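**Q** A predicted structure for the sequence below; I have some questions about it.
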Amino acid sequence: MGTDALRMRGITKRFGRIPANDAVDFTVAKGEIHCLLGENGAGKTTLMKVLFGLHKKDAGEILLDGRPVEISSPGDAIAGGIGMVHQHFMLVGRLTVTENIIAGREPRSGFLLDYRRAREMVREISGRYGLKVDPDARVEEISVGQQQRVEILKALLREAELLIFDEPTAVLTPPEVQELFGVMRRLKASGKTMIFITHKLKETMEISDRVTILRDGRKVATVETARTTPARLAEMMVGREVELRVARPEVTRGERILALKDLRVKGADGRYRLNGVNLEIHRGEILGIAGVEGNGQLELEEVVAGLLKPAQGRVWLGAEEITALDPGAIRARGVAYIPSDRLRRGLIGSFSAARNLILGSQRGRAFAPGGILRHRRIEEEARRLVADFDIRAASVHEPAAALSGGNQQKVVIARELSRRPELVVAAQPTRGVDVGAVEYIHRQLLKMRGEGKGVLLISAELDELRALSDRIAVLYEGRIVAEGPSGGFTEQELGLLMAGEGK
């Protein structure tokens, strides 16, 4: 590592009166992989959007290779040698890999696209950096990991020397994560500089040279990765000591609480999303479901919650069949539902935190005797839950959409678990949630287990599944391809099974 590729001095960015970045200094050396670490709402992505020209800074200066620059648009950033691989890919699914990579840089033969030359450009750039892709494949038909390669190649074709990766592992399987890290190491060896935005400590320790920690919009510290620990990073992120792996005490396994028998669910295209699934959960047990998104997890959570009816098969809650019951009836029988998409299925963004905290109970006697909402009772209950579940909001009247991702998730969890359920369906409960909130959510799920409840935990986070689950089942293309005690699987085995290989 030599001179500075990037120096940001005193960067301030406000949204209204709230500073998302507050006089942040951030320096990246040439040829390093620098991790930008912090909780949700810490200001990581805002700082990088300022660098890439998606936000206009309110104060401060940016220097590239020691020269002051003004970046007012992504075009300015690209011209300055900066590329950004976004968390949500900016690709057109119906176009080919080649068409996506050369968009805006199309070689011409007269007025027409010279597709042969375009394919040669893609082959040359992919070969140079060891990023193998099929130039003629449609983007919608390739894996998420391959789509990410296309995004990286787009940036490299535009001669990016500094690459920003925004939460790049959020949608990848464990083998794909290792492939990405291999790509990043090759890019580093070729002289590229990378900024890696994340809140995942394990990945930070594995791939980065240095780490800058942000908290509440301010820089806390920059440290060499080799001279720190995950526990120390977590403490700097959150501002307190964090237990990274919550203890899972021994619990006596009780009677069966949930049974799925030969469950089959068809998608709109007529293909089975769930194909002959058989599962059981007992009281005092967490059953973890591992799998890459799109292999039937969404259908599984929705069938148990009553949002989706199976084409075939039966669902039992205790001794009662609930296959045909609607979501309200299933809820009344003691099933709590933490959905994988909190904004679409768990919250109404325009409603206050208080109203979201009583959703599903708003017609009951507790909050609406005689059919009229009692706002004081609702507010009292909301204040109690905000305190009990450590929800950080300016007020219980603040809209849910204005809360950070972690606090939105806590609203859903507080509402669902405060009703003393018998079964908890927790789908991706810590997705997009920072390390402090992860610790809290894990404690709540283990508390349910300790009280003799059943928990169906659907997660793409293997560390989470292995830490919390008593048993793990792997879902691939709608089928259970492996099932057993959580200690019986290594992370590598789970990763292979999720990808359709292995046992």
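**A** Everything's here; your move.
**Q** Just read off the phi/psi values of the residue sitting furthest away from the middle of the chain.
**A** Within the chain, the residue lying farthest from the chain centre (Cα atoms, centre = their mean) is residue 110, at 45.0 Å. The phi/psi pair for residue 110 (degrees, to the nearest 10) reads phi 70, psi -130.
**Q** now swap in residue 343 and tell me
**A** phi -80, psi -30.
**Q** Just give the number of residues close to it.
**A** By the measure other Cβ atoms under 10 Å, the count of residues near residue 343 is 13. Backbone N, C-alpha and C define where each C-beta goes, glycine included.
**Q** contacting residues around it?
**A** 349, 401, 408 (Cβ atoms under 8 Å, 6 or more residues apart in numbering).
**Q** Point out where the stretch 401-503 of the chain drops to low pLDDT.
**A** 432, 502-503 (pLDDT under 70).
**Q** Show me where the stretch 201-350 of the chain has its helices.
**A** Here the stretch 201-350 of the chain has its helices, by DSSP state H, counting those that start in this stretch, at 201-207, 230-238, 297-305, 327-332.
**Q** my bad, should have said the stretch 401-503 of the chain
**A** Going by DSSP H, counting those that start in this stretch, the stretch 401-503 of the chain shows helices at 405-417, 435-450, 462-468, 491-498.
**Q** mind giving me the domain split of this structure?
**A** 4-81+161-238, 96-158, 256-334+421-498 (automatic domain parsing).
**Q** next one: the last one to chain centre, how far?
**A** Centroid separation between domain 256-334+421-498 and its chain, computed with Cα atoms, centre = their mean, to the nearest Å, is 18 Å.
**Q** Can you give me the first-to-last residue distance of it?
**A** 27 Å (Cα to Cα, to the nearest Å).
**Q** same question, stretch 208-218
**A** Stretch 208-218: ends 21 Å apart by Cα to Cα.
**Q** Could you count how many residues lie near residue 66?
**A** 9.
**Q** for residue 179, same thing?
**A** Count around residue 179 with other Cβ under 10 Å applied: 17.
**Q** same question, residue 308
**A** Residue 308: 16 neighbours (other Cβ under 10 Å).
**Q** returning to what we had before: put together a markdown table for the helices of the stretch 401-503 of the chain, with distance to residue 389 on each row.
**A** Below are the helices of the stretch 401-503 of the chain laid out as a markdown table (distance: least, Cβ to Cβ, whole Å):
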| stretch | distance to residue 389 |
| --- | --- |
| helix 405-417 | 4 |
| helix 435-450 | 8 |
| helix 462-468 | 18 |
| helix 491-498 | 30 |
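**Q** which of these is buried the deepest?
**A** A comparison of those by mean neighbour count, using mean count of other Cβ atoms under 10 Å, puts helix 405-417 on top with a mean of 23.
**Q** Quick one: distance of that one to the chain centre.
**A** 16 Å.
**Q** Now do it against helix 435-450, angle only.
**A** 10 degrees (axes from the mean of the first three to the mean of the last three Cα atoms, to 10 degrees).
**Q** who's in contact with helix 405-417?
**A** 39-41, 336-339, 342-343, 346-347, 353, 356-360, 385-386, 388-393, 400, 403, 424, 429-430, 432-434, 436-437, 440-441, 444, 448.
**Q** quick revisit: mind checking which of the helices of the stretch 401-503 of the chain is nearest residue 153?
**A** Nearest of these to residue 153, taken as Cβ to Cβ: helix 491-498 at 24.4 Å.
**Q** What helices and strands are in contact with the closest one?
**A** helix 174-189, strand 285-290, helix 462-468, strand 471-476 (3 or more Cβ pairs under 8 Å, 6 or more residues apart in numbering; DSSP states H and E).
**Q** I'd like these written out as a markdown table, with distance to residue 84 added.
**A** As requested, the helices and strands packed on helix 491-498 are exported to a markdown table (distance: least, Cβ to Cβ, whole Å):
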| stretch | distance to residue 84 |
| --- | --- |
| helix 174-189 | 14 |
| strand 285-290 | 31 |
| helix 462-468 | 27 |
| strand 471-476 | 32 |
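**Q** Out of the ones you listed, which is the most enclosed?
**A** strand 285-290 (a mean of 26).
**Q** Now do that strand, average pLDDT.
**A** Strand 285-290 shows a mean pLDDT of 96.
**Q** Could you tell me which other helices and strands that strand packs against?
**A** strand 272-282, helix 435-450, strand 454-459, helix 462-468, strand 471-476, helix 491-498.
**Q** Excluding covalently adjacent residues, which one is nearest to residue 337?
**A** In this structure, residue 337 finds its nearest non-sequential neighbour in residue 305, 4.4 Å apart by Cβ to Cβ, 6 or more residues apart in numbering.
**Q** right, and the one you found touches residue 338 too?
**A** No. Distance between residue 305 and residue 338: 9.8 Å, which falls outside the contact criterion (Cβ atoms under 8 Å).
**Q** Find the residues that touch each one of those two.
**A** The contact lists of residue 305 and residue 338 share residue 425, where a contact means Cβ under 8 Å, 6+ apart.
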